[in-house]
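A.B. asks: model this:
(one chain, ligands or ions: 1)
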Amino acid sequence: MAPPPVVDIHTHLYPPPYLTLLSSRTSIPLVRTFPSSPHPRLILLETELPALELALRDPSAPLPGRPLTPAFTSIGEKLSFMAVHGITTSVMSLANPWLDFLGPAEAAAMAREVDGAFEEMCAAQKGKDRKLYFFAAPPLTAGIPALLEYLSELAGKYKHCRGIILGTSGLGLGLDDTSLLPIFHKLAALNLPVFLHPHYGLPPSVFGPRAETGEYGHVLPLALGFPMETTVAVARMYLAGVFDAVPALRMILAHSGGTLPFLAGRIESCVRHDGKLMGSGKKRGRTVWEVLREQVYLDAVVYSEVGLRAAVEASGVERLMFGTDHPFFPPVGEEEGAEVWDSVKLNVEAVEKALGKGSEEAGMVMGGNAARVLRLFDE
Ligand code: 5CU
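C.D. replies: Predicted coordinates for the structure are as follows:
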């Protein structure tokens, strides 16, 4: 009997054309080489700017960003990582900040290059043990008509595409922007889920001057800024009525929904006790809890049993899907170079502790749900 699938739905790659683009840039996102670093450095986040400026002025300053190892760009490395961690299937996506920063023409051309490259990598696995699929990176800045056309063509052009990856900025005004409704309707009609992923975090000033000098590394923007960003984006969609307007839209939220499973009750209560909202006479749609159980899926990238239990309670065990966030969070310090990644172990252990090692529910989260929801075994 074939072993049960282990599916990683949160795993990123920068295909070659995108990397060439980052290497040619002078503002973030960019790739820079520094004489003291064996790998080029990948600088993505606004919170990394002070460290970048310092390193450009002073060669002895700490290196900015993160090392751009082959894991970020090589499909061979991705497949080795899958083999080491027992992952049978990966649903890859372009890492942040996707095509958000490009002008309309450049975004459309890069989307075709990136998605074409992903399709080739996936197709090359035909007949092999490990399977690859991907979430496409749509050219958001290309304008609604071009975007609708791009989405319409996805299924026909790319056999291995299973949805799209989307940041929280949308067309620049967030995901509660009503101009996005035709896009959400189109995705629902095409049965393509949105994998929602953060990039912009919270304003750097929130983290204070000690974070700005790099004293706390990347901890505050990644551990707190990213999940809060996702929470705010989905709360805004909810308040704008997007889920009721497009009930067939399906959203997969990165990092187990940010803080949504924990804060859904508070959001719900604030809505119910808001005089303006409740006094408006407008008919109330579904509750936050109902939306979480009917239109939302959560990845299981939460690194703890406590967080995983909250995610299961909020959305249901049949709506959670394992992920790794590879190639981010590799082993560092004394562990640098280790084959098995501690970040992956933490997420596997969270599932096992919360649901029982080898249980039916653990199997659902580790791969069964993703295979069903994303139609991964229909070749
Ligand atoms: O380490 C980081 O900055 C990141 C990132 O940018 N994107 C991501 O998915 N995980 C970690």
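A.B. asks: buried sites along the helix or strand harbouring Arg112?
C.D. replies: For Arg112, the host element (DSSP states H and E) is helix 104-123. Buried residues in helix 104-123, defined by neighbour count with 16 or more other CB atoms under 10 Å: Ala107, Ala108, Met110, Ala111, Glu113, Val114, Asp115, Ala117, Phe118, Glu119, Met121, Cys122. For the C-beta atoms, the positions are set from N, CA and C on the backbone; glycine is no exception.
A.B. asks: what do you get for stretch 62-69?
C.D. replies: Neighbour-count burial for stretch 62-69 flags Leu63, Pro64, Gly65, Arg66, Pro67, Leu68 (criterion: 16+ other CB under 10 Å).
A.B. asks: picking that back up, after the helix holding Arg112, which helix or strand is next?
C.D. replies: strand 131-136.
A.B. asks: so which elements touch that following strand?
C.D. replies: Helices and strands touching strand 131-136, as assessed by 3 or more CB pairs under 8 Å, 6 or more residues apart in numbering; DSSP states H and E, comprise strand 89-94, helix 104-123, strand 161-166.
A.B. asks: out of the buried residues of stretch 62-69, which are inside strands?
C.D. replies: Under the assignment DSSP state E, the buried residues of stretch 62-69 contribute Arg66, Pro67 to strands.
A.B. asks: so can I have JSON lines of the buried residues of stretch 62-69 showing distance to the ligand and pLDDT?
C.D. replies: Listed next are the buried residues of stretch 62-69 as JSON lines, based on distance: CB to the nearest ligand atom, whole Å; pLDDT from 0 to 100:
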{"residue": "Leu63", "distance to the ligand": "14", "pLDDT": "94"}
{"residue": "Pro64", "distance to the ligand": "12", "pLDDT": "95"}
{"residue": "Gly65", "distance to the ligand": "8", "pLDDT": "95"}
{"residue": "Arg66", "distance to the ligand": "6", "pLDDT": "95"}
{"residue": "Pro67", "distance to the ligand": "11", "pLDDT": "95"}
{"residue": "Leu68", "distance to the ligand": "12", "pLDDT": "97"}
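A.B. asks: tell me the contacts of Val7?
C.D. replies: Contacts for Val7 (CB atoms under 8 Å, 6 or more residues apart in numbering) come out as 87-91, 321-322, 366-367, 370-371, 374, 376.
A.B. asks: may I see those organised as JSON lines, with pLDDT, neighbour count and distance to the ligand added?
C.D. replies: Formatted as JSON lines, the contacts of Val7 follow (pLDDT from 0 to 100; neighbours: other CB atoms under 10 Å; distance: CB to the nearest ligand atom, whole Å):
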{"residue": "Ile87", "pLDDT": "98", "neighbour count": "24", "distance to the ligand": "17"}
{"residue": "Thr88", "pLDDT": "97", "neighbour count": "21", "distance to the ligand": "22"}
{"residue": "Thr89", "pLDDT": "98", "neighbour count": "22", "distance to the ligand": "19"}
{"residue": "Ser90", "pLDDT": "98", "neighbour count": "29", "distance to the ligand": "14"}
{"residue": "Val91", "pLDDT": "98", "neighbour count": "27", "distance to the ligand": "14"}
{"residue": "Met321", "pLDDT": "98", "neighbour count": "27", "distance to the ligand": "16"}
{"residue": "Phe322", "pLDDT": "98", "neighbour count": "27", "distance to the ligand": "15"}
{"residue": "Met366", "pLDDT": "98", "neighbour count": "26", "distance to the ligand": "20"}
{"residue": "Gly367", "pLDDT": "98", "neighbour count": "23", "distance to the ligand": "21"}
{"residue": "Ala370", "pLDDT": "98", "neighbour count": "29", "distance to the ligand": "18"}
{"residue": "Ala371", "pLDDT": "97", "neighbour count": "19", "distance to the ligand": "23"}
{"residue": "Leu374", "pLDDT": "98", "neighbour count": "23", "distance to the ligand": "19"}
{"residue": "Leu376", "pLDDT": "96", "neighbour count": "21", "distance to the ligand": "21"}
